[in-house]
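*Asks:* Give me coordinates for this.
(2 chains)
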Amino acid sequence: SAVISQKPSRDICQRGTSLTIQCQVDSQVTMMFWYRQQPGQSLTLIATANQGSEATYESGFVIDKFPISRPNLTFSTLTVSNMSPEDSSIYLCSLTTMRYTEAFFGQGTRLTVV
Amino acid sequence: GQQLNQSPQSMFIQEGEDVSMNCTSSSIFNTWLWYKQDPGEGPVLLIALYKAGELTSNGRLTAQFGITRKDSFLNISASIPSDVGIYFCAGESSLYGQNFVFGPGTRLSVLP
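*Replies:* Sure, this is the predicted structure:
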């Protein structure tokens, strides 16, 4: 499996500010994703990070709130914009194998908005 | 809405006991994955299943892909304290696009 490095691992932010989370993988992968895990909940897909083009967002998530960049096959960022306490969650970077046979996760970023 | 259901939602067992949990759906899935998540960490893949009826083991863990392709179960034998965590199932289906959907999780506590 690929090594996925995510940072920061945690942060406490003021409401109204923005935080950018970085995800670095140690090999070139095609499919990268960003998930949100609200406290005590399961994982919800935010978007698919597409290399060199705009991300594909799931229902309920929009680019203005969660802009995503993916400049190459090993790196992606997720920004949580204009944060409110409701954005307090764990944000996880993920990649899948080419044939969608397995999915792997970074260690997550625990975000607390105060 | 939630596409996958997991049961039980939580369980408390004694160290050394066997554990069984399952994941069900009203839809057919092509792949089932089982994950364990420890506090403050991302989910770690335990077992992957690709064919109906497939039975796969990983140490003390055994998982099966249901014959109907709508369910899967995970068994843990001779539980130990480090088995504590949240266990998620995930499925891949063309119905939900080319990504995985996750169940709500089963929270396992092991009492010494």
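
*Asks:* Can you tell me which helices and strands the helix or strand that contains residue B:56 packs against?
*Replies:* For residue B:56, the host element (DSSP states H and E) is strand B:55-58. Contacts defined by 3 or more CB pairs under 8 Å, 6 or more residues apart in numbering or on different chains; DSSP states H and E place strand B:55-58 against strand B:44-49, strand B:61-65. C-beta here means a position set from N, CA and C on the backbone, and glycine is covered the same way.

*Asks:* and of these, who's closest to chain A?
*Replies:* Across those, chain A has its closest neighbour in strand B:44-49 (5.3 Å, CB to the nearest CB).

*Asks:* Which strands and helices lie in contact with that closest one?
*Replies:* Counting by 3+ CB pairs under 8 Å, 6+ apart, strand B:44-49 packs on strand A:103-105, strand B:31-37, strand B:55-58, strand B:61-65, strand B:71-76.

*Asks:* Touching the first one from outside, list them.
*Replies:* Strand A:103-105 has contacts (CB atoms under 8 Å, 6 or more residues apart in numbering or on different chains) with A:1-2, A:4, A:33, A:35, A:92-97, B:33, B:35, B:42-45, B:90, B:100.

*Asks:* can you count the residues close to residue 48?
*Replies:* No chain in the question, so chain A it is. 20 (other CB atoms under 10 Å in any protein chain shown).

*Asks:* let's do chain B instead
*Replies:* Neighbour count of residue B:48, defined by other CB under 10 Å: 20.

*Asks:* need the contact list for residue B:41.
*Replies:* Here residue B:41 is in contact with A:107, A:108 (criterion: CB under 8 Å, 6+ apart).

*Asks:* right, and the helix or strand after the helix or strand of chain B with the lowest mean pLDDT?
*Replies:* None of the helices or strands of chain B scores lower by mean pLDDT, DSSP states H and E than strand B:100-102, at a mean of 90. Downstream of strand B:100-102, the first helix or strand assigned by DSSP H and E is strand B:106-111.

*Asks:* and that following strand, how far from the chain's centre?
*Replies:* How far strand B:106-111 lies from its chain's middle: 13 Å, per CA atoms, centre = their mean, to the nearest Å.

*Asks:* Any part of it near chain A?
*Replies:* No - Strand B:106-111 stays clear of chain A (CB under 8 Å from any CB of the partner chain), getting no nearer than 9.0 Å.

*Asks:* Stretch B:8-21 too?
*Replies:* No - using CB under 8 Å from any CB, stretch B:8-21 stays clear of chain A, coming no nearer than 10.8 Å.

*Asks:* Run through the bridge partners of the residue of chain A found nearest chain B.
*Replies:* Using CB to the nearest CB, the single residue of chain A nearest to chain B is residue A:105, 3.7 Å away. Beta bridges link residue A:105 to residue A:94 when assigned by DSSP bridges.

*Asks:* Can you give me the neighbour number for the residue in chain B that chain A sits nearest to?
*Replies:* Closest residue of chain B to chain A, CB to the nearest CB: residue B:42 (3.7 Å). Residue B:42 is flanked by 22 other residues according to other CB under 10 Å.

*Asks:* try the one 3 residues further on
*Replies:* Other residues within reach of residue B:45, judged by other CB under 10 Å, total 16.

*Asks:* now the one 5 residues further on
*Replies:* Here the neighbour count serves as a burial measure; for residue B:50 (other CB under 10 Å) it reads 15.
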